[in-house]
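Chemist: what's the 3D shape of this:
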Amino acid sequence: MENCLQHIVLYVLLLANVITGKSSPTEITSHVWTPRGGAENYYGIEATIDVYGFNLQPGQLSAAGIWILNKGDGKPSSASGFQVGWSVNFPRFYKDSHTHFYTSWTSGGSPAKGCSDMICPGFQKTSSSIAPGSIINPVSDIRGRKSYITIRVFKDKSSGDWHVHYGLNGGIKPVGYFPKSLIPGLIDRKVEISFGGYVSHQKPQPSPPMGSGYAPASGNAASFKNIKLIDANGNAHLVNTNLPFRVDPKRCYPISYIDSARFFYGGSGCAD
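Modeler: Now for the predicted structure:
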């Protein structure tokens, strides 16, 4: 998108040997973190994410979710992976300003080798009640009830497919999966798992709100909670150790440290 500015607030976890199951420490960006009980390799993540809605202007996007990515040689053209979460993207994608359950994937970074939701073949839906692209209702009210989605993404040990489970304000159920063959760039490669908020806007529009539209210090910020890493056998491990994070730019969208498997993030935006 021309003149499009992007802002991102993410916790980043770099995983090594997630397919081979070799015994090596889990690398987290610039340092090594060995979870309690010894070195483990993780095959997925689960988190409960507050959901909000905004009346965005054309050219604005606000989202939150989980990214599974292999960066290849570092060039955008070689990146492979997928995203799962919620998104308000008006009017470029959804033609409305509702909040949607969102998935997307890319194989090699080319627009011709990727897709969002169920627009084209790729994601294999197995649920009869929920599909990527569905409107999320209700969303949270700053002064009232909070709504949240729980997302569980993990690699099936036997098939190599990436499965997605989803739930709104309660238990989670299978939605479908990204087939192993769909994104070969994730096979036997290092995988970066990121989770947090993301916004973009096309000039001259201002930067949109992220999360709830409030910063962590306000007491009304959006959160990720019950963050769990999933090992090769499907066991979930609460993240009670702080992780490195990437914030661009910090002045617009602050982020808190992880405490008891939870962190707060977001803000109202700022002038670029």
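Chemist: please name the bridge partners of the residue nearest the centre of the chain.
Modeler: Computing the C-alpha centroid of the chain and ranking residues by CA atoms, centre = their mean puts residue 66 first, at 1.7 Å. Judged by DSSP bridges, the bridge partners of residue 66 are residue 84, residue 195.
Chemist: ok, it to residue 214 distance?
Modeler: For residue 66, the distance to residue 214 (CB to CB, to the nearest Å) stands at 22 Å. Where C-beta positions appear, they are placed from N, C-alpha and C, glycine not excepted.
Chemist: now swap in residue 157 and tell me
Modeler: From residue 157 to residue 214 the distance is 40 Å (CB to CB).
Chemist: on that earlier part again, hmm, residue 194 and the residue nearest to the centre of the chain touching each other?
Modeler: Yes. With contacts counted by CB atoms under 8 Å, residue 66 reaches residue 194, the gap being 7.3 Å.
Chemist: quick one: strands adjacent to the helix or strand where residue 225 lies?
Modeler: Under the criterion of DSSP states H and E, residue 225 resides in strand 222-231. If you go by DSSP bridges, strand 222-231 pairs up with strand 42-50 (antiparallel), strand 236-238 (antiparallel), strand 263-265 (antiparallel).
Chemist: how far out from the middle of the chain is the first one?
Modeler: Its chain's average C-alpha position is 9 Å from that of strand 42-50, according to CA atoms, centre = their mean, to the nearest Å.
Chemist: convert the C-alpha atoms of that strand to PDB, please.
Modeler: What follows is strand 42-50, C-alpha atoms only, in PDB (Å, rounded to 0.1, in the frame of the first residue of the first chain):
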ATOM      1  CA  TYR A  42       7.900 -25.600  21.300                       C
ATOM      2  CA  TYR A  43       5.500 -26.300  18.500                       C
ATOM      3  CA  GLY A  44       2.800 -23.700  19.200                       C
ATOM      4  CA  ILE A  45       1.200 -21.200  21.400                       C
ATOM      5  CA  GLU A  46      -2.100 -20.400  23.200                       C
ATOM      6  CA  ALA A  47      -3.300 -17.000  24.400                       C
ATOM      7  CA  THR A  48      -6.500 -15.200  25.400                       C
ATOM      8  CA  ILE A  49      -6.800 -11.900  23.700                       C
ATOM      9  CA  ASP A  50      -9.100  -9.000  24.500                       C
END
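Chemist: how about the strands in the stretch 51-200 of the chain?
Modeler: Per DSSP state E, counting those that start in this stretch, the stretch 51-200 of the chain carries strands over the ranges 60-70, 80-90, 100-107, 114-116, 124-125, 148-155, 162-168, 173-178, 191-202.
Chemist: and the fifth one, what other elements does it pack with?
Modeler: Where contact means 3 or more CB pairs under 8 Å, 6 or more residues apart in numbering; DSSP states H and E, strand 124-125 is packed against strand 173-178.
Chemist: could you redo the last one with a cut-off of 10 Å?
Modeler: strand 162-168, strand 173-178 (3 or more CB pairs under 10 Å, 6 or more residues apart in numbering; DSSP states H and E).
Chemist: right, I'll call it a day here.
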